[in-house]
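S.K.: attaching a predicted model along with its sequence, questions to come.
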Amino acid sequence: MCDTLVALANSTADGSVLLAKNADTEINEAQHLVRFPRREWAPGATVRVTHKVIPQPRVTHDVVLDKSFWTYGAEIGFNEHGLACGNEAVFTNQPSEGDGVMIIDLLRLMLERATTCDEAVDVLADLLAEHGQGGNCELRGNSHFDGGFLLADHTGAVELQTAGKQWAAKRVHDISTISNVHSIRTDWYRASCEAGTDFRTRFTDEAKSRCTAPDERQKASFDFLSRARGRITVRTMADLLRYTGEGDYDPMDGDRPTRICMHAAPYDFRLWQATGSMISVSKGGRVMGWATATSGPDVSIMKPVFCGVELPDLGPMPRESDTPGAYWWRYERLHRRVMADYHAVKPDLRADFDALEDRFFAEGAKVMTAGVGEQKAFVDECWRLATEASERWLTRLEQRPFAVSNPQYRAMWARFNGAAALPL
């Protein structure tokens with residue numbers, strides 16, 4: 001379960017194009033922030049994606065990605081040309097025809113091979129026609145689903161949705177938000193199917209889709225952006241990724257995942273959580289990103305990332321259990337302690353982290369147009385300050401026992417902490 005959001009230049013405060021996403025995955029499905037530089041490949045080169053081997057193009061672009069440790073592809077990312085993309089699992093009535101290029105791989109391949117939204121549509125259409133879509137998309141189980149995508153480049157955005165080998169693309173004119181269901185009806189401008197096809201009616205498995213509450217989440221995110229239309233900033237996007245609705249909220253509320261900021265709870269359809277978040281910013285031919293590289297956007301800090309600039313040292317690729325030296329797992333010690341006492345801890349922690357982020361966001365708008373050296377220094381400084389702030393909070397919370405009052409919630413965390421061999 002995920003949500004992807006976009007605001008075009010006519011809806012933002014400074015004329016930038018913003019795309020953002022929470023990657024909602026299984027509780028111990030560690031995410032890793034990676035950068036792959038531009039590369040030229042020899043004729044005939046191939047690449048192993050998650051489930052199969054396919055031909056590699058002559059050139060792949062510089063990309064920054066947030067990805068699950070076990071997949072080739074990614075949940076969200078952007079490339080050196082300002083193309084950004086987030087993906088969504090969508091449940092369709094099309095049979096899985098064996099191992100193909102699955103949703104997460106399609107995202108990375110589009111970013112590595114395309115420079116604009118229209119080129120990305122071409123890349124996806126060719127991949128589906130040649131290799132199909134399929135294969136297990138779940139870490140601990142055997143789940144098969146298809147892909148929905150929201151793409152943005154320097155000038156526009158496109159919703160791109162699939163069902164097996166079928167696909168449709170819809171232009172975005174100002175703002176758009178997508179979730180875990182087809183949002184394209186007959187309003188597509190390109191598609192693999194016949195003219196006049198209602199894509200959702202033709203291909204959606206409505207019963208499976210309802211379990212993930214996609215229509216509720218899509219409405220909540222769209223209404224949030226609509227209220228800020230014309231004034232949308234990076235801060236707006238960060239606040240939306242952290243949005244848990246109006247009024248009182250408790251992480252145990254509801255047996256369906258209706259919140260944009262996804263927290264796990266001990267219900268069949270809520271054993272997922274936001275394990276990584278990213279915002280891409282494109283303006284004036286320049287591009288940068290903001291990433292948590294951690295779970296829980298509402299208890300995390302957005303830090304800057306750039307194509308062409310080395311990422312900070314995030315340690316080894318994290319695994320499904322506590323991985324020594326891995327940035328994501330180190331932060332889980334803080335994330336899970338905050339969730340154990342959410343109402344008491346979050347307000348003060350968020351105020352501290354927001355003040356730091358506001359400083360980062362203000363400086364980032366200037367550094368975006370600077371040279372690589374200044375950008376690298378900015379990245380290093382922001383990540384250092386964010387790590388220090390997080391470590392201060394972790395030290396404070398480690399002075400008290402890890403205790404969860406609700407017995408069901410306590411049992412859930414005991415189960416997953418034990419599976420991860422995570423000492424708390």
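M.R.: Okay, I see it.

S.K.: can you get me a residue count around the closest residue to Phe402 other than its chain neighbours?
M.R.: If the residues on either side of it in the chain are set aside, Phe402 comes closest to Leu424, at 4.1 Å by C-beta to C-beta, 6 or more residues apart in numbering. From N, CA and C alone the C-beta is placed, and that goes for glycine too. Residues contacting Leu424 under the criterion other C-beta atoms under 10 Å number 16.

S.K.: repeat for Lys283
M.R.: Other residues lying near Lys283 total 19 when counted by other C-beta under 10 Å.

S.K.: likewise for Val53?
M.R.: Residues near Val53, counting by other C-beta under 10 Å, number 10.

S.K.: confirm Asp253 sits in a strand?
M.R.: No. Using DSSP: H, G, I helix; E, B strand; the rest coil, the assignment for Asp253 is coil, not a strand.

S.K.: so which bits of the helix or strand of the chain with the lowest mean pLDDT are buried?
M.R.: Among the secondary structure pieces of the chain, namely its helices and strands, helix 206-210 has the lowest mean (mean pLDDT, DSSP states H and E), a mean of 88. Neighbour-count burial for helix 206-210, with 16 or more other C-beta atoms under 10 Å as criterion, is recorded at Lys208, Ser209, Arg210.

S.K.: between these, which sits nearest Ile175?
M.R.: Set against Ile175, the nearest of the buried residues of helix 206-210 by C-beta to C-beta is Ser209 (22.3 Å).

S.K.: who touches the closest residue to that closest one other than its chain neighbours in this structure?
M.R.: Spatially, and ignoring its direct neighbours in sequence, Ser209 is nearest to Val181 (4.4 Å; C-beta to C-beta, 6+ apart). The neighbours of Val181, taking C-beta atoms under 8 Å, 6 or more residues apart in numbering as the test, are Val90, Phe91, Gly148, Arg200, Thr204, Ser209, Thr212, Pro214, Asp215, Gln218.

S.K.: hang on, isn't the residue nearest to Phe402 packed against Arg400?
M.R.: No. With contact taken as C-beta atoms under 8 Å, Leu424 and Arg400 are classed as non-touching, separated by 11.1 Å.

S.K.: Ala168 in helix, strand or coil?
M.R.: Relying on three-state DSSP, one would call Ala168 strand.

S.K.: identify the bridge partners of it.
M.R.: Partner residues in beta bridges with Ala168, using DSSP bridges, are Gln161, Ala191.

S.K.: which residues touch it?
M.R.: Leu160, Gln161, Ile184, Trp188, Arg190, Ala191, Ser192, Cys193, Thr197, Phe199.

S.K.: hang on, the earlier thing: check the residue nearest to Ser209 and give its pLDDT.
M.R.: With respect to pLDDT, Val181 scores 95.

S.K.: and it, how far is that from Thr197?
M.R.: When distances are taken as C-beta to C-beta, to the nearest Å, Val181 and Thr197 turn out to be 17 Å apart.

S.K.: again, but for Lys366
M.R.: Lys366 sits 47 Å away from Thr197 when distances are taken as C-beta to C-beta.

S.K.: between these two, which one's more packed in?
M.R.: Neighbour count, other C-beta under 10 Å: between Lys366 and Thr197, Thr197 has more, with 18 against 10.

S.K.: pull the distance from the least confident helix or strand of the chain to the chain's centre.
M.R.: If you compare the mean C-alpha spot of helix 206-210 with that of the full chain, they lie 22 Å apart, counting by C-alpha atoms, centre = their mean, to the nearest Å.

S.K.: cool, stretch 13-26 as well?
M.R.: Computed by C-alpha atoms, centre = their mean, the chain-centroid distance of stretch 13-26 equals 8 Å.

S.K.: buried set for it?
M.R.: Within stretch 13-26, the residues that qualify as buried by neighbour count (16+ other C-beta under 10 Å) are Ser16, Val17, Leu18, Leu19, Ala20, Lys21, Asn22, Ala23, Asp24, Thr25, Glu26.

S.K.: now do it, average pLDDT.
M.R.: Regarding stretch 13-26, the rounded mean pLDDT is 97.

S.K.: and if you look at stretch 396-414?
M.R.: Stretch 396-414 shows an average pLDDT of 95 in the prediction.

S.K.: ends of it, what's the gap?
M.R.: The straight-line separation of the ends of stretch 396-414 (C-alpha to C-alpha, to the nearest Å) is 21 Å.
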